[in-house]
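Visitor: Below are the sequence and a predicted model for it; my questions follow.
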Amino acid sequence: MAAEPADGLVLHADGCPRCWWAGLDPTYVAYHDTEWGVPEHDGRALYEKLILDGFQAGLSWITILRRRDGFRAAFHDFDPETIARYTEADVARLMSDTRIIRNRAKVLGTIAGARAWLRIEERGPGFSGFLWDFVDGAPIQGTARTRGEIATQTPVSRAMGKALKAEGFAFCGPTIVHAFMQAVGMVNDHLVGCHRHGPCAALGRRA
């Protein structure tokens, strides 16, 4: 059982208040409690999350989350060096793979993104450094207490999206990029009353 007060927090049976979007789905709750908002600095993991956020466009995140293992299997665990070498045969394979969202533009965008990732890695300071520079290397700490106070895009997400597009990435508009930044802990947008806000803030300070 859970109660949803007007402020956007969901109070679960375990006594923990959580952001409204986690709902009661166990997969979503686990993602909220262990991944969302945790600062991520691994370049490959950042590539994976950015690509999956692009696949989410027009869909709900839970749809992608439930298929994440299938995506990882289909895309060689999102290894950019492998994906960058994909051929038209790989595109055809992916377009027949029911484990993923079969959208040709998004598949091609994944390959283009892998090649862009390699170019950024080669010139330094690497994909992680490239992205974290937009927040000066430290997470932006949100102060929202209600869901209505949380932005869907910001000047930073607009700048990052523009830079990613210039590098060759696709599906990186400011709203998608802001969702990505929230997920990988570049922005701590857990509501202040959520039980994960404080721990994510502490992780950001240590980083």
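Guide: Nice, thanks for sending it over. Numbering: from 1, shown residues only.
Visitor: tell me the average confidence for the longest helix belonging to the chain?
Guide: Counting residues, the longest helix found in the chain (DSSP state H) is helix 104-123. Across helix 104-123, pLDDT averages out at 97.
Visitor: wait, isn't Phe169 in contact with Arg119?
Guide: No. Counting by CB atoms under 8 Å, Phe169 stays clear of Arg119, with 10.9 Å between them. All C-beta atoms are positioned from the backbone trio N, CA, C, and that covers glycine.
Visitor: More neighbours: these two, which one.
Guide: Phe169 (24 against 12; other CB atoms under 10 Å).
Visitor: For the chain, which segments count as strands?
Guide: 2-3, 9-12, 17-19, 140-141, 187-188 (DSSP state E).
Visitor: Return the set of buried residues in stretch 68-85.
Guide: 68, 71-72, 74-75, 78, 80, 83-84 (16 or more other CB atoms under 10 Å).
Visitor: Show the pLDDT at Pro207.
Guide: You called it Pro, but residue 207 is Ala. 62.
Visitor: Could you shift the numbering so residue one becomes 41, and keep it that way?
Guide: Will do, 41 is the new start, and the previous item becomes Ala247.
Visitor: Quick test: name the residue nearest the centre of the protein.
Guide: Against the mean C-alpha coordinate of the chain, by CA atoms, centre = their mean, the closest residue is Phe220 at 3.4 Å.
Visitor: Give me the residues contacting stretch 152-161.
Guide: Contacting residues not belonging to stretch 152-161 are listed as 83, 87, 90-91, 94, 120-124, 126, 166-167, 170, 204, 207-210 [CB atoms under 8 Å, 6 or more residues apart in numbering].
Visitor: Helix or strand, whichever it is, which one in the chain has the lowest mean pLDDT?
Guide: strand 42-43 (a mean of 48; mean pLDDT, DSSP states H and E).
Visitor: Pick the most buried one from the strands of the chain.
Guide: Of these, the one with the most neighbours on average (mean count of other CB atoms under 10 Å) is strand 227-228, at a mean of 26.
Visitor: Report the strands that pair with that one, each with its relative direction.
Guide: Partners of strand 227-228 in the sheet, by DSSP bridges, are strand 180-181 (parallel).
Visitor: buried set for stretch 123-137?
Guide: Quick answer for stretch 123-137 (16+ other CB under 10 Å): 123-124, 126, 130, 134, 137.
Visitor: no, scratch that, I was asking about stretch 228-239
Guide: For stretch 228-239, by 16+ other CB under 10 Å, it's 228-237.
Visitor: picking up where we left off before, now flag whichever of the buried residues of stretch 108-125 is closest to Trp61.
Guide: Nearest to Trp61 among the buried residues of stretch 108-125: Arg108, at 16.8 Å, using CB to CB.
Visitor: and the closest one, what is it in contact with?
Guide: Applying CB under 8 Å, 6+ apart, the residues near Arg108 are Leu92.
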